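1. Attaching a predicted model along with its sequence, questions to come.
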Amino acid sequence: MNAKKLVKATNIIGMVAVTLLVYWVFALILIQVFGLKVFREHITEIFLMSILGILAVMGGTLMLNIMLNLTRIAARAGRRSPWR
């Protein structure tokens, strides 16, 4: 796989993670406000662990995306370098 496809894949993964984060926060607010009995015993622990997992995925995706974008920029700049 080339860097352009990997950047596109990391962008998609990042957007899915953001969507999951928004969805999970919305679901937790609905559960707390309306008193729904979904996982009532350990809702706080489940929420915190899933938020931590989603943030870890987002952080990894961000680091990989930055690294791949800088690699593409360096490769493009190396081809046009006037000092070669």
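-> Everything's here; your move.
2. Could you identify the longest helix within the protein?
-> What stands out as the longest helix in the chain, according to DSSP state H, is helix 43-79.
3. That one packs against which elements?
-> helix 3-34 (3 or more Cβ pairs under 8 Å, 6 or more residues apart in numbering; DSSP states H and E). Using the backbone N, CA and C atoms, a C-beta is placed for each residue, glycine as well.
4. buried ones in the longest helix of the chain?
-> Of the residues in helix 43-79, 47, 54, 57-58, 61, 64-65, 68 count as buried by neighbour count, 16 or more other Cβ atoms under 10 Å.
5. Just flag the most distant two among these.
-> Distance extremes for these: the farthest pair is Phe47 and Leu68 at 31.6 Å, using Cβ to Cβ.
6. pull the CA atoms of stretch 51-68 into PDB?
-> The C-alpha trace of stretch 51-68 is given here as PDB (Å, rounded to 0.1, in the frame of the first residue of the first chain):
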ATOM      1  CA  ILE A  51     -14.200   6.400  26.000                       C
ATOM      2  CA  LEU A  52     -10.500   5.500  26.900                       C
ATOM      3  CA  GLY A  53     -10.500   2.900  24.100                       C
ATOM      4  CA  ILE A  54     -12.000   5.300  21.500                       C
ATOM      5  CA  LEU A  55      -9.500   8.000  22.500                       C
ATOM      6  CA  ALA A  56      -6.600   5.500  22.200                       C
ATOM      7  CA  VAL A  57      -7.800   4.600  18.700                       C
ATOM      8  CA  MET A  58      -8.100   8.300  17.800                       C
ATOM      9  CA  GLY A  59      -4.600   9.100  19.200                       C
ATOM     10  CA  GLY A  60      -3.000   6.200  17.300                       C
ATOM     11  CA  THR A  61      -4.800   7.200  14.100                       C
ATOM     12  CA  LEU A  62      -3.700  10.800  14.500                       C
ATOM     13  CA  MET A  63      -0.100   9.900  15.000                       C
ATOM     14  CA  LEU A  64      -0.100   7.600  12.000                       C
ATOM     15  CA  ASN A  65      -1.800  10.200   9.900                       C
ATOM     16  CA  ILE A  66       0.700  12.900  10.800                       C
ATOM     17  CA  MET A  67       3.600  10.500  10.200                       C
ATOM     18  CA  LEU A  68       2.400   9.500   6.800                       C
END
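7. Having no further points to raise, I will conclude here.
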